[in-house]
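# here's my sequence, what's the structure:
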Amino acid sequence: MTQARPLTADAMTLTTYRALPVPAVIALRFAAVVTTWAARRRTRIALAALEPWELEDAGLTPEQASAEASRVFWQA
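Numbering: from 1, shown residues only. Presented below is the predicted three-dimensional model:
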């Protein structure tokens, strides 16, 4: 029968830093970009659907809203 090794201070905490493998970093960055693009797309679609009085409440003119809504999702 084997004996369990005692836990060290590093093993008992999650504060040790380990770099992610390169493919994981690339995947995370890709996911972040796609998430940002999706949020922009949803926001611009919602902006295009607002009524003039709603735009006025938001401090936008219909022209400003139309210009923003017509931008493609990858443009900031």
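# and stretch 59-72, which residues are buried?
By neighbour count on 16 or more other CB atoms under 10 Å, the buried set for stretch 59-72 is 60, 65. All C-beta spots, glycine's among them, are computed from the backbone N, C-alpha and C.
# give me the contact list for it.
The contact list for stretch 59-72 (CB atoms under 8 Å, 6 or more residues apart in numbering) reads 44-45, 47-48, 50, 52, 55.
# closest to Ala24 among those residues?
Arg44 (30.7 Å; CB to CB).
# identify the residues contacting that closest one.
Applying CB under 8 Å, 6+ apart to Arg44 gives the contacts 68-69, 71, 73.
# mind listing which of those are in helices?
Taking DSSP state H, the ones among the contacts of Arg44 that sit in helices are 68-69.
# columns distance to Arg40 and pLDDT on top of the contacts of Arg44, output as CSV?
Shown next, in CSV, are these (distance: CB to CB, whole Å; pLDDT from 0 to 100):
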residue, distance to Arg40, pLDDT
Glu68, 10, 96
Ala69, 11, 96
Arg71, 8, 96
Phe73, 5, 93
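# just curious, which of the contacts of Arg44 is nearest to Arg5?
Proximity of the contacts of Arg44 to Arg5 (CB to CB) peaks at Phe73, which lies at 51.9 Å.
# thinking that closest one is in contact with Trp37, fair?
Yes: in this structure, Phe73 is within contact of Trp37 by CB atoms under 8 Å, at 4.7 Å.
# what about Trp37, distance to Ser70?
16 Å (CB to CB, to the nearest Å).
# repeat for Gly59
19 Å.
# for this structure, which spans come out with low pLDDT?
Regions of the chain meeting the criterion pLDDT under 70 cover residues 1-2, 4, 6-15.
# quick one: the helices in it?
All helices of the chain, identified by DSSP H, fall at 9-12, 22-48, 52-58, 62-69.
# ranking those helices by mean neighbour count, which comes first?
helix 62-69 (a mean of 13; mean count of other CB atoms under 10 Å).
# what angle do that helix and helix 22-48 make?
160 degrees (axes from the mean of the first three to the mean of the last three CA atoms, to 10 degrees).
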